[in-house]
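1. just the structure for this:
(one chain, ligands or ions: 2)
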Amino acid sequence: MSKIRVLTVFGTRPEAIKMAPLVKEFEKRSDKFKSIVCVTAQHRQMLDQVLKLFDIKPDFDLNIMKPNQDLWTITAEVLMLMKDVIETSKPDIVLVHGDTTTSMAAALSAFYAKVPAGHVEAGLRTFDKYYPFPEEINRVFADAVCSYHFAPTETSIDNLKKSAISDTHIYKTGNTVIDALLHTVENNKSDLSYIGLNPDLKTILLTSHRRENFGEPIKNICKAVLELTEKNQDIQFVYPVHLNPNVQQPVRELLEGKERIHLIDPMEYAPFSTLMKESHIIMTDSGGVQEEAPSLGKPVLVLRSTTERPEAVEYGTVKLVGTDKDNIVKEVQNLLDNDEEYKKMSEAINPYGDGLASRRIADILEKEFKKD
Ligand code: UD1
Ligand code: UDP
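-> Ligands and ions are numbered 1, 2, ... in the order given. Below you'll find the model as predicted:
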């Protein structure tokens, strides 16, 4: 029996984390699928960390990352280089993920080659063209050119239906991030002692890397961290600093060497999941962290003014606090001082998935691309 040839394409850390469970599922079903993996390496070190953890050896590595790269070069290189990859690997379907420039350009490349593409984590929207930038348009674009849409929630299904794209197949599958998280939390007990955290203090985990937060907003976030640390002797911050120079430079300038503020390198996914579990509060502008933290029962303060992931905000475990320094200080202080409020936000909920999304997607592809 000939196999379904699936070309899975990803390039950054979050895409890798969210596509890894799917690649593993295709490998498990090797009697039905020929799994072909292409990494663009839009990220290098942060991607390789994930490939190592999930033991994925790509068939194609486009190795495109350059220091301080821009959107034009990422788009052009992925679009061009994917042409050869598709021609060589002859997939029945190309799978892309989410809202990165890798995903948008790889989906377009598949469309030009007239190979059907599937969008994993389809249908997320803020309906604001510039926020987040360029992710909102990347995902609208990927949804438009893909024929198969694997939507995580009802909200994302509704968003896709509103877009009224022809030739489309929409499925609710849950988000593969929960597959990755449950697998990782279950199988790993990471040692965090290298960070040097004080076990008697409350830990606040911080991540921030969004383009809209470059410049003043990221400086405001750092100033809020300084003020909170000064006001509260019983807290400590830990911040795995994204490798983007636009993040590294201001963060190191404002926070390096300060007492009870631990700036560390981007963490491997397993220890990072452990750290999320052990934190008291999480402050982030990350999409993935917004999805993972609620299922670990951690209150999340989102350093943005809108989100394409409204589900946990509606449940009350995630709150949008923006990037105004005084507002961040007020909201964190409220969680530190008000036990009732803290308890309300710490309820473990799982609006984004149940750990079975990859299985559902593989089932759908088996049916849709059945071969004799
Ligand atoms: C990208 C995605 C963003 C996603 C984020 C996840 C786009 C336009 N942006 O943003 O949607 O939320 O990844 O983290 O697709 N760098 C390294 N090593 C790495 C990774 C990055 O040195 O492993 C540095 C490089 O200097 C690189 C820069 O960071 O040029 C920016 O990387 P890029 O992928 O362009 O942007 P991100 O902000 O990471
Ligand atoms: N993450 C990680 N190590 C870190 C910080 C984050 O493994 O030091 C994981 C996190 O658990 C989530 C993903 O990276 O699964 C999110 O990536 P990022 O915040 O870079 O991108 P976004 O989700 O905002 O696109």
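
2. now do the contacts for residue 264.
-> 195, 238-241 (Cβ atoms under 8 Å, 6 or more residues apart in numbering). Quick note: C-beta positions are derived from backbone N, CA and C, even for glycine.

3. let's go with 6 Å and repeat that
-> Neighbour list for residue 264: 195, 240 [criterion: Cβ atoms under 6 Å, 6 or more residues apart in numbering].

4. mind checking the SS state of the residue lying closest to residue 125 once chain neighbours are set aside?
-> Closest residue to residue 125 apart from its sequence neighbours, by Cβ to Cβ, 6 or more residues apart in numbering: residue 159 at 4.7 Å. Classification of residue 159 by DSSP: H, G, I helix; E, B strand; the rest coil places it in helix.

5. how many other residues sit next to residue 159?
-> Using other Cβ atoms under 10 Å as the criterion, residue 159 is surrounded by 21 other residues.

6. measure it to residue 308 for me?
-> In this view, residue 159 and residue 308 are 9 Å apart by Cβ to Cβ, to the nearest Å.

7. got any residues that touch both of those two?
-> In contact with both residue 159 and residue 308: residue 125, using Cβ under 6 Å, 6+ apart.

8. which bits of the stretch 151-300 of the chain sit near ligand 1?
-> Within the stretch 151-300 of the chain, the positions lying close to ligand 1 (Cβ under 6 Å from any ligand atom) are 209, 243-245.

9. my guess is the residue nearest to residue 125 contacts residue 124, does it?
-> No - applying Cβ atoms under 6 Å as the test, residue 159 and residue 124 come out as separate, 7.2 Å apart.

10. what is the burial count for the residue nearest to residue 41 when sequence neighbours are not counted?
-> Once flanking residues are discounted, residue 41 sits nearest to residue 63: 4.8 Å by Cβ to Cβ, 6+ apart. Applying other Cβ under 10 Å, we find 12 other residues in the vicinity of residue 63.

11. checking residue 63 next. Helix, strand or coil?
-> Assigned state for residue 63: coil (three-state reduction, three-state DSSP).

12. distance check, residue 117 against ligand 2.
-> In this view, residue 117 and ligand 2 are 20 Å apart by Cβ to the nearest ligand atom, to the nearest Å.

13. wait, residue 175
-> 11 Å.

14. over to residue 188?
-> Residue 188 is 12 Å from ligand 2, by Cβ to the nearest ligand atom.

15. that older thread, ok, and which of the residues of the stretch 151-300 of the chain next to ligand 1 reach ligand 2?
-> residue 209.

16. which of the residues of the stretch 151-300 of the chain next to ligand 1 sits closest to residue 46?
-> residue 243 (6.4 Å; Cβ to Cβ).

17. what's around the closest one, how many residues?
-> Number of residues near residue 243 (other Cβ under 10 Å) recorded here: 17.

18. and what of the one 10 residues further on?
-> Using other Cβ under 10 Å as the criterion, residue 253 is surrounded by 10 other residues.

19. so it sits in a helix?
-> Yes - the assignment for residue 253 is a helix, going by three-state DSSP.

20. ok, residue 59 to residue 40 distance?
-> Residue 59 is 13 Å from residue 40, by Cβ to Cβ.

21. right, and the helix or strand after the lengthiest helix in the chain?
-> The longest helix of the chain (DSSP state H) is helix 71-89. The helix or strand immediately downstream of helix 71-89 is strand 93-97, counting by DSSP states H and E.

22. what mean pLDDT does that next one have?
-> Here strand 93-97 scores 98 as its mean pLDDT.

23. burial of the one residue in the stretch 251-372 of the chain that gets nearest to ligand 1, as a residue count?
-> With Cβ to the nearest ligand atom as the measure, residue 287 is the residue of the stretch 251-372 of the chain nearest to ligand 1, at 6.3 Å. Residue 287 has 23 neighbouring residues, counting by other Cβ under 10 Å.

24. any idea of the pLDDT on it?
-> You'll see residue 287 listed with a pLDDT of 97.

25. list phi and psi for it.
-> phi -70, psi -50 (degrees, to the nearest 10).

26. thank you, goodbye.
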